[in-house]
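>>> Any chance you could fold what I've pasted below:
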Amino acid sequence: MPRFRCLIALFLLAVAPLSAQQQTSAQKPAATAKEDKGILPASFAGWTLATRKVFTPTEAASPAGSTAATATAEYGFASGEQGEYTHGADTLKTQVYRMKDPSGAYGEYFYLRTPDMPQANLAEHSSMSRGRALVLTGNLVLDIRGRDLRGLGPQLKSLAAAVAKHAEMGAGPTLWQYLPAQDMVARSDHYILGPAALDQFFPVALGDSLGFSNGAEAESVNYRLDGRDLTLLIADFPTPGLAANQLAELQKRFNVNGSLPAQNSPALYAKRSLTLLVIVSGASSEAQADTLLDHVRSTTQFTWDEPTSPHSRGGIVPIPVIASLIVGTCTICMFAAVASLAFGGFRLLVKRLLPDRVFDRSSELQILQLGLSSKPINAEDFYGVGRTRERK
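Predicted coordinates for the structure are as follows:
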């Protein structure tokens, strides 16, 4: 027994260093992974990262107030990171918004973009003014602020490429494809996923009445038409039924297509096609609204969502259709009759010419008998085969 205990002690002493070494090696990759979680690179094009920290939507939107924080949350804010880069005496302040999906990042990018930020060549979706630049890549939005960014194009492109390595790519929204290009105010389009952003970019406070909780998405843009400022709103719903119900709800709460003329609420003009709902605000008349609504680039035609005339409800099936149905039915019946006669005649002819050889051969016929009579039933009796043989 003492010898056995000594062997166990020696085994434990030999295994302990190995287990400690394995534990240390297992902790090193975890620490490295924790260090590599940062989206912002440690350096780029001569710029060095001085400070870096994560931030919440409220902290990120503090310059603009709580409305921006709420809109950022509507777009699906997941996490954020901000840092300050230095290059000699110059500094750059950066923020990265990580959204849940590319659609949310698309909306956040156009939410942060201001009219004084024309398109830049930092990435496929990028814009830049003198003191600010925005870059959209996948589910990431990069916000860069500095004293003068106009001469830092190649350097900022290097930063955008480093940040893009951490992005999750995917398909973006397609509502912008329906927007008419004529008379559009430059850089006034916004992708909307919630009531906070909707009330900020649409003149009439619709709030949550558009049905974002049911999976709706919207796109708003401003137009300058005949000296008036109009706002076009396109909303897409998962099903045509939801779009129709939402239009009916809007007509109950707002003056849509003259539904509430007695109220002092601004006039709105709306049209629906399948899952799309288009609303115009600021038009002086229905005719002016139609000049904008009719130019919405859609694969289907927009129609007024109002009751049709009694003559067009139900309708009568055209006479040529009825005649075609009758002719087709008669043709099928005639074909069935001819086929039946042909098959029956061929069978009878073969049975007469070749009795008991092809069809209904007595050697293969079986008759179920109940045994109610003393005389058994023979299959040959049905065709007279036995009598023919007896005569011969």
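
>>> any weak-confidence spans in the stretch 51-200 of the chain?
In the predicted model of the stretch 51-200 of the chain, residues 57-65 satisfy pLDDT under 70.

>>> Kindly recompute the last result at 50.
Along the stretch 51-200 of the chain, the model assigns pLDDT under 50 to residues 62-64.

>>> now the helices: where do they sit in it?
Applying DSSP state H, counting those that start in this stretch to the stretch 51-200 of the chain gives helices spanning 57-60, 66-74, 102-112, 153-164, 195-201.

>>> nearest to Leu134, of those helices?
helix 102-112 (5.8 Å; Cβ to Cβ). Heads up, the C-betas are built off the backbone N, CA and C, glycines and all.

>>> which strands and helices sit next to the closest one?
When contacts are defined as 3 or more Cβ pairs under 8 Å, 6 or more residues apart in numbering; DSSP states H and E, helix 102-112 packs onto helix 66-74, strand 90-99, strand 132-137, strand 140-145, strand 190-192.

>>> make it 7 Å
strand 90-99, strand 132-137, strand 140-145, strand 190-192 (3 or more Cβ pairs under 7 Å, 6 or more residues apart in numbering; DSSP states H and E).

>>> May I see the ones you listed arranged in a markdown table, with distance to Pro203 and mean neighbour count as well?
Below are those laid out as a markdown table (distance: least, Cβ to Cβ, whole Å; neighbours: other Cβ atoms under 10 Å):
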| stretch | distance to Pro203 | mean neighbour count |
| --- | --- | --- |
| strand 90-99 | 27 | 20 |
| strand 132-137 | 25 | 24 |
| strand 140-145 | 26 | 23 |
| strand 190-192 | 13 | 25 |
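
>>> export these to TSV and tack on distance to Ile319?
Output for those, formatted as TSV (distance: least, Cβ to Cβ, whole Å):
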stretch	distance to Ile319
strand 90-99	59
strand 132-137	59
strand 140-145	62
strand 190-192	51
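
>>> and of these, who's closest to Thr174?
So among the helices and strands packed on helix 102-112, strand 190-192 is nearest, using Cβ to Cβ, at 10.4 Å.

>>> what's the closest of the helices and strands packed on helix 102-112 to Gly153?
strand 132-137 (9.2 Å).

>>> Quick check: Thr94 touching Pro41?
No: counting by Cβ atoms under 7 Å, Thr94 sits too far from Pro41 to count as a contact (10.2 Å).

>>> list residues touching both of those two?
Shared contacts of Thr94 and Pro41, defined by Cβ atoms under 7 Å, 6 or more residues apart in numbering, are absent.

>>> Run through the residues that contact Ile39.
Contacts for Ile39 (Cβ under 7 Å, 6+ apart) come out as 81, 96, 140, 163, 166.

>>> any idea whether it is helix, strand or coil?
At Ile39 the chain is in coil, as set by DSSP: H, G, I helix; E, B strand; the rest coil.

>>> Same check on Cys330?
Assignment for Cys330 (three-state DSSP): helix.

>>> what's the burial count for it?
Neighbour count for Cys330, taken as other Cβ atoms under 10 Å: 10.

>>> so what's it scoring on pLDDT?
Per-residue pLDDT puts Cys330 at 94.

>>> which SS class is the nearest residue to Ser259 once chain neighbours are set aside?
Spatial nearest neighbour of Ser259, excluding adjacent residues (Cβ to Cβ, 6 or more residues apart in numbering): Gln251 at 3.9 Å. What three-state DSSP gives for Gln251 is helix.

>>> Okay, Gln251 and Pro240: tell me how far apart.
17 Å (Cβ to Cβ, to the nearest Å).

>>> if you count what's nearby, which of these two comes out ahead?
Counted by other Cβ under 10 Å, Gln251 and Pro240 do not tie: Gln251 has more neighbours, with 18 against 13.

>>> Local confidence estimate at that one?
91.

>>> now swap in Glu390 and tell me
47.

>>> i'd like the first residue to be 609 from this point on
Got it, the first residue is 609 from now on, which makes the last one we talked about Glu998.

>>> could you dump the helices of the stretch 659-808 of the chain to a markdown table with distance to Gln871?
Formatted as a markdown table, the helices of the stretch 659-808 of the chain follow (distance: least, Cβ to Cβ, whole Å):
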| stretch | distance to Gln871 |
| --- | --- |
| helix 665-668 | 36 |
| helix 674-682 | 26 |
| helix 710-720 | 31 |
| helix 761-772 | 49 |
| helix 803-809 | 19 |
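
>>> Could I get the full set of strands for the stretch 809-958 of the chain?
Under the criterion DSSP state E, counting those that start in this stretch, strands of the stretch 809-958 of the chain are mapped to 825-833, 836-844, 876-881, 884-889.

>>> now these in JSON lines, with mean neighbour count, mean pLDDT and distance to Asp797?
Formatted as JSON lines, the strands of the stretch 809-958 of the chain follow (neighbours: other Cβ atoms under 10 Å; pLDDT from 0 to 100; distance: least, Cβ to Cβ, whole Å):
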{"stretch": "strand 825-833", "mean neighbour count": "21", "mean pLDDT": "94", "distance to Asp797": "4"}
{"stretch": "strand 836-844", "mean neighbour count": "21", "mean pLDDT": "94", "distance to Asp797": "9"}
{"stretch": "strand 876-881", "mean neighbour count": "22", "mean pLDDT": "91", "distance to Asp797": "19"}
{"stretch": "strand 884-889", "mean neighbour count": "23", "mean pLDDT": "93", "distance to Asp797": "14"}
